[in-house]
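# what's the 3D shape of this:
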Amino acid sequence: MAWLQLRINSNDQQAESLSESIEKLGAVSVTFMDSQDTPIFEPLPGETRLWGNTDVIALFDAKIDMQTIVASLKEQGYLRDDVYKIEQIEDKDWEREWMDNFHPMQFGKRLWICPSWREVPDKNAVNVMLDPGLAFGTGTHPTTALCLEWLESLDLTNKTVIDFGCGSGILAIAALKLGARNAIGIDIDPQAIIASRNNAKQNAVADRLTLFLAKDIPQNLKAEIVVANILAGPLKTLYPTISTLVKTDGNLGLSGILTIQAQSVCETYAEKFILDAVAENDEWCRITGTLK
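Modelled structure (predicted):
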C-alpha cells in the first residue's frame, strides 16, 4: 500500500490541536518530532512535554486528495506555504525495516544489550535481552549507555539497586544480571511499570525486581546503588527524594543531563555527595558520586 506523508512545522502551542484536526481529516497516524532533533524524556507528574519547535508528521492513504487536506488546514490557520511538505512514502515491510535497525550493543567489557531477534554475540557475556517497546530506554541513547557503562564498572554483588525513572527497566535488569541481589524500579508512568515487568520476565529476573509508581514509594526505602536517568530539571527538583534513597557510603549515578547543564546539577548534589569527574558522551553527561 502506498502512503502520502504530510510534514508540518509547528510549535508547542499548536501541535496538540493541529494533531486533532489532522486526525479528523483522515490521517492514519500522527507523530511529533523535534525539528532540532533534541530528545525529550519523561515529563514530571501532570506535565505535558512538547518541543519548542515541533514537526507534526501525518500519514495518509495515497488515494486521499491532499489538496483538500491542505486547504482545510489553511482555512483553520495551521498552514502557510513555507511550513509544510508532502512526500510519497515507499511501500516497505516496515516491521522488518524497523527490526533491521537494532543490533546487539556492548557496554563496558562484559555487558551486551540484545534484541530478541538477533543472535547473542557472546554467550559467556552478561546478556540482557531487550526489544524496543512501550517505554524509553533500549541502550541506543548516550544517556542510557553512560548509565550501563557505570553499572558495569561497579561491584554489584549482593547489593540492592534502585532505578529511578526506570522506563523499560533496562538499567534495573542489567544490574540484576551483573550480580545485584535485587533491584527496585520506580516510574511515574504505568506503561513503564508494565514494560519493566515484561522485560524482567523475558530475562528471568522478575522474581528479584520490585516495581513502584513514584506516588507509591515506601517510606525509608534505601539502596547501596541508585541510578536516575531522567532530565536535569527533574533531577534538581527531585533532589530531596533521590538523595534520601542512597544508603550511607552508597553510590549515585545521574544522567539525562546535557553537558552544559552538568554544573548546576553538580551544585545541587554536592551538598550530600562526594562527586566524581563528570563523564561525557556526545552532548550528554553522567554525574556519579558517593553519599557523605
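# Look up the residues forming beta bridges with the residue nearest to Q88 when sequence neighbours are not counted.
Spatial nearest neighbour of Q88, excluding adjacent residues (Cβ to Cβ, 6 or more residues apart in numbering): L4 at 6.0 Å. Placement of C-beta: from N, CA and C, glycine included. Note on L4: beta-bridge partners F60, Q88, judged by DSSP bridges.
# Numbering from 462 from now on, please.
Got it, first residue is 462 now, which makes that one L465.
# Q528 is in contact with L465, correct?
No - using Cβ atoms under 8 Å, L465 is not in contact with Q528, being 11.2 Å away.
# The two - which one has more neighbours?
With neighbours defined as other Cβ atoms under 10 Å, L465 and Q528 compare such that L465 has more, 18 against 9.
# ok, the more buried one to I518 distance?
Per Cβ to Cβ, to the nearest Å, L465 is found 11 Å from I518.
# Then V587?
For V587, the distance to I518 - Cβ to Cβ - is 38 Å.
# do L637 as well
Distance, L637 to I518, by Cβ to Cβ: 37 Å.
# So those two - more neighbours on which side?
Ranked by neighbour count (other Cβ under 10 Å), L637 and I518 place L637 first, with 25 against 19.
# Identify each buried residue in the strand or helix carrying that one, please.
Assigned by DSSP states H and E, L637 belongs to helix 631-638. Of all the residues in helix 631-638, those buried under the rule 16 or more other Cβ atoms under 10 Å are I631, L632, A633, I634, A635, A636, L637, K638.
# Let me know the pLDDT of E551.
The model reports E551 with a pLDDT of 62.
# how about the helices in this structure?
Using DSSP state H, the helices of the chain run over 476-485, 527-536, 555-561, 603-614, 631-638, 651-663, 693-698, 700-705, 723-730.
# ranking those by mean pLDDT, which is last?
Among those, helix 555-561 carries the lowest mean pLDDT, at a mean of 52.
# about what we covered before: L572: which of the helices of the chain is closest?
helix 603-614 (4.5 Å; Cβ to Cβ).
# Serialize the buried residues of helix 631-638 to CSV and add fields for distance to A606.
As requested, the buried residues of helix 631-638 are exported to CSV (distance: Cβ to Cβ, whole Å):
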residue, distance to A606
I631, 10
L632, 11
A633, 16
I634, 15
A635, 11
A636, 15
L637, 19
K638, 16
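# Out of these, which is nearest to Q663?
Checking those one by one against Q663 (Cβ to Cβ), the nearest turns out to be I634, at 8.7 Å.
# so that closest one sits right up against N664, yeah?
Yes - I634 lies in contact with N664 (Cβ under 8 Å); the separation is 5.3 Å.
# Now for the two: what residues contact both?
Shared contacts of I634 and N664 (Cβ atoms under 8 Å, 6 or more residues apart in numbering): V589, L591.
# And the closest residue in space to E741 that isn't next to it in sequence, what's its pLDDT?
Spatial nearest neighbour of E741, chain neighbours left out: T720 (5.6 Å); criterion: Cβ to Cβ, 6+ apart. Listed pLDDT for T720 reads 93.
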